[in-house]
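[1] 3D model of this:
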Amino acid sequence: MKKIFLLMAIVLPFVLISCGDDKDEPKSLEELLMGRWESSWEIDGDKYHNIAIFDSEHQFYHSGYKNDTQIIRASYTWELNGNTLKLIRNYDSAQSTHEITIKDNTLTISGYRETYHKVDS
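    A predicted model of the protein is given here:
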């Protein structure tokens with residue numbers, strides 16, 4: 001019986017320490033960016049809807065709709081350096097750079113007037 005109590009006295013502190021502070025590490029901006037984002041707005045009675053998907057293989061897919069009719073569809077390769085997003089269009093290699101911020105599942109991209117809201121990861 002003394003051996004069991006001795007063993008518990010030795011093992012219990014390690015168990016308690018290992019079960020301590022299990023807070024998740026904050027996600028990087030890149031991890032937060034990955035997933036599906038959407039934005040919607042209305043101008044002069046026309047309804048617009050954008051879908052932006054950033055995947056883990058650094059592909060970015062963008063679709064734009066006006067009154068439920070697709071008006072744009074493009075794919076890009078994306079790179080992130082700090083909060084600077086570089087987009088390289090896949091079909092002609094045209095490039096653009098944008099400053100981004102993500103806060104409370106809202107994505108803001110410089111040069112775009114709309115903001116995006118995260119739909120899924």
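[2] where in the chain is pLDDT low?
    Across the chain, the ranges flagged by pLDDT under 70 are 1-24.
[3] Go ahead and flag the most central residue of it.
    For the chain, Leu33 is the residue whose C-alpha lies nearest the centre (C-alpha atoms, centre = their mean; 2.2 Å).
[4] ok, Ser110 - contacts?
    His98, Glu99, Ile100 (C-beta atoms under 8 Å, 6 or more residues apart in numbering). The way it works is simple: take the backbone N, C-alpha and C, and place the C-beta from them, glycine included.
[5] Now whatever helix or strand Ile71 lives in: buried residues?
    Here Ile71 sits within strand 69-81, counting by DSSP states H and E. Neighbour-count burial for strand 69-81, counted by 16 or more other C-beta atoms under 10 Å, picks out Tyr76, Trp78.
[6] where exactly do the helices run in this structure?
    Along the chain, the segments classed as helices by DSSP state H run 2-18, 29-33.
[7] since we're on the nearest residue in space to the residue nearest to the centre of the chain that is not next to it in sequence, how many residues are nearby?
    Spatial nearest neighbour of Leu33, chain neighbours left out: Phe54 (5.0 Å); criterion: C-beta to C-beta, 6 or more residues apart in numbering. When neighbours are counted by other C-beta atoms under 10 Å, Phe54 registers 22.
[8] For beta bridges, what are the partners of Thr77?
    Legend: beta-bridge partners of Thr77 under DSSP bridges are Gln59, Ile88.
[9] Repeat that for His49.
    Ser40, Tyr65.
[10] thinking again about what came up before, tell me who's in contact with the residue nearest to Leu33.
    Contacts of Phe54 by C-beta under 8 Å, 6+ apart are Leu33, Met34, Gly35, Trp37, Phe60, Trp78.
[11] which one of these is nearest Tyr116?
    Here the nearest of the contacts of Phe54 to Tyr116, counting by C-beta to C-beta, is Trp37; it sits at 3.7 Å.
[12] Fine by me, we can end here.
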